[in-house]
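Colleague: Based on what follows, work out the 3D shape:
(chains A and B)
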Number of protein chains: 2
Amino acid sequence: MMWPATPRCGRAGLEAALPIFADRAMSKPLYYLEDLHVGQRFKSGTHTLDAAQIKAFAAQYDPQPFHMDEKAAESTSLFKGLAASGWHTAAITMRLMVDGGLPLAGGIIGSGGELSWPVPTRAGDILQVENEVLEITPSRSRPDRGRVIVLARTTNQRGETVQTLRAKLIMPRRSSP
Amino acid sequence: MMWPATPRCGRAGLEAALPIFADRAMSKPLYYLEDLHVGQRFKSGTHTLDAAQIKAFAAQYDPQPFHMDEKAAESTSLFKGLAASGWHTAAITMRLMVDGGLPLAGGIIGSGGELSWPVPTRAGDILQVENEVLEITPSRSRPDRGRVIVLARTTNQRGETVQTLRAKLIMPRRSSP
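Modeller: Just a heads-up that it's a prediction; the model follows:
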């Protein structure tokens, strides 16, 4: 399901166990654990990457020649041209999720996950994230929360997958059972 | 093994299949696939995190209240205080590895990995990374390279593990067999 016009449950923000994003809750439906089902999908907006962004991130967090300089990047047998740091792709993916790509009550709080970068991210790429709910597990010890596993697939404008992230998220339940 | 005074092989940079970091190779020993063994360890320098860095990263890539504002963070049941974005911890970990924490010939090029954030990263934390070589697999199809799996454990000044990353890296062989 993509961006429903109305929430599946109408009580968002009222009986919230962890009403962190009250302001967001007023403008958009936010999903609690009970509102999710396996196979559910959410799509983000887009972000356009350019060489300046790639180099700025790399200068701070991943200063290797193939992320910093077009000429040096040309000569690396793996990248054959300027490529974004994988951590930059991951950070942009997170921003797209926070900006509405994954509208969870309580925010997006991860305990970890599995990452892969099958194709380099390049200057000019228009990135978008599609999230799919894989698993939903209410906590046994904490009735106010549960764990959700989401597969976040980040694609470029050609439909190539530049990153997959199988994320383990902790999120609130709407009310205690 | 930590930072050997001399490289295990003395030909660094001369017969390199992918001599990307010629300047680095002159000052420090760089490891090729053949120079690594399972169980080998490398330790990084340190990075001290403060609230301004946490908020600056979050403003750009993970703008959620618990990464942006001390007061909002106090009221989140999970973090109970300002916490760095996990992606910020990952990015700092990468920087520590690039700055000498994992001195690989060809640079540090990952195809993915498994991440976990068992403990939040906080303002005031002094972060350090210890890398351990878990697996070494020469490529069957490409004699000039191979895959290495490294466990990168990021700790704070109290010895608590704030991140583990089981990273899949692609790296050059010293020479073709």
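Colleague: and after the lowest-mean-pLDDT helix or strand in chain A, which helix or strand comes next?
Modeller: Counting by mean pLDDT, DSSP states H and E, the weakest-scoring helix or strand in chain A turns out to be helix A:22-27, with a mean of 45. Sequence order places strand A:41-48 as the next helix or strand after helix A:22-27, per DSSP states H and E.
Colleague: Paired strands for that following strand, with orientation please.
Modeller: Strand A:41-48 has the following sheet partners, assigned by DSSP bridges: strand A:126-138 (antiparallel).
Colleague: Kindly export the strand it pairs with (C-alpha atoms) in PDB.
Modeller: Only the C-alpha atoms of strand A:126-138 are listed here, as PDB (Å, rounded to 0.1, in the frame of the first residue of the first chain):
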ATOM      1  CA  ILE A 126      17.900  10.300  -8.700                       C
ATOM      2  CA  LEU A 127      17.400   8.100  -5.700                       C
ATOM      3  CA  GLN A 128      14.200   6.800  -4.300                       C
ATOM      4  CA  VAL A 129      13.400   4.200  -1.600                       C
ATOM      5  CA  GLU A 130      10.700   1.600  -1.500                       C
ATOM      6  CA  ASN A 131      10.100  -0.100   1.900                       C
ATOM      7  CA  GLU A 132       8.500  -3.400   2.300                       C
ATOM      8  CA  VAL A 133       7.400  -4.800   5.600                       C
ATOM      9  CA  LEU A 134       8.800  -8.300   6.000                       C
ATOM     10  CA  GLU A 135       8.200  -9.300   9.600                       C
ATOM     11  CA  ILE A 136       6.200  -7.900  12.600                       C
ATOM     12  CA  THR A 137       6.900  -9.200  16.100                       C
ATOM     13  CA  PRO A 138       5.300  -7.700  19.200                       C
END
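Colleague: Can you list the neighbours in contact with it?
Modeller: A:33, A:36-49, A:89, A:92-93, A:96-97, A:101-102, A:121, A:145-157, A:162, A:166, A:173, A:177 (Cβ atoms under 8 Å, 6 or more residues apart in numbering or on different chains). All C-beta atoms are positioned from the backbone trio N, CA, C, and that covers glycine.
Colleague: Just the buried ones from the residues you listed, in PyMOL syntax?
Modeller: Here is the PyMOL command that selects only those of the contacts of strand A:126-138 that count as buried (16 or more other Cβ atoms under 10 Å in any protein chain shown):
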select buried, chain A and resi 33+36+40+42+44+47+49+89+92+93+96+97+101+102+121+145+146+148+149+150+151+152+153+154+155+156+162+166+173
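Colleague: where does chain A have low pLDDT?
Modeller: Counting by pLDDT under 70, chain A contains low-confidence residues at A:1-27, A:77, A:176-177.
Colleague: Give me the distance between residue A:46 and residue B:42.
Modeller: 38 Å (Cβ to Cβ, to the nearest Å).
Colleague: brain fart, residue A:84
Modeller: As judged by Cβ to Cβ, residue A:84 and residue B:42 stand 25 Å apart.
Colleague: wait, doesn't residue A:63 sit right on residue B:96?
Modeller: No - Residue A:63 is not in contact with residue B:96 according to Cβ atoms under 8 Å; the separation is 11.7 Å.
Colleague: what sits in contact with each of the two?
Modeller: Contacts common to residue A:63 and residue B:96, judged by Cβ under 8 Å, 6+ apart, are absent.
Colleague: So what's the residue count around the residue nearest to residue A:82 when sequence neighbours are not counted?
Modeller: Distances taken as Cβ to Cβ, 6 or more residues apart in numbering or on different chains put residue A:73 closest to residue A:82, at 4.4 Å, once the chain neighbours are dropped. Number of residues near residue A:73 (other Cβ atoms under 10 Å in any protein chain shown) recorded here: 22.
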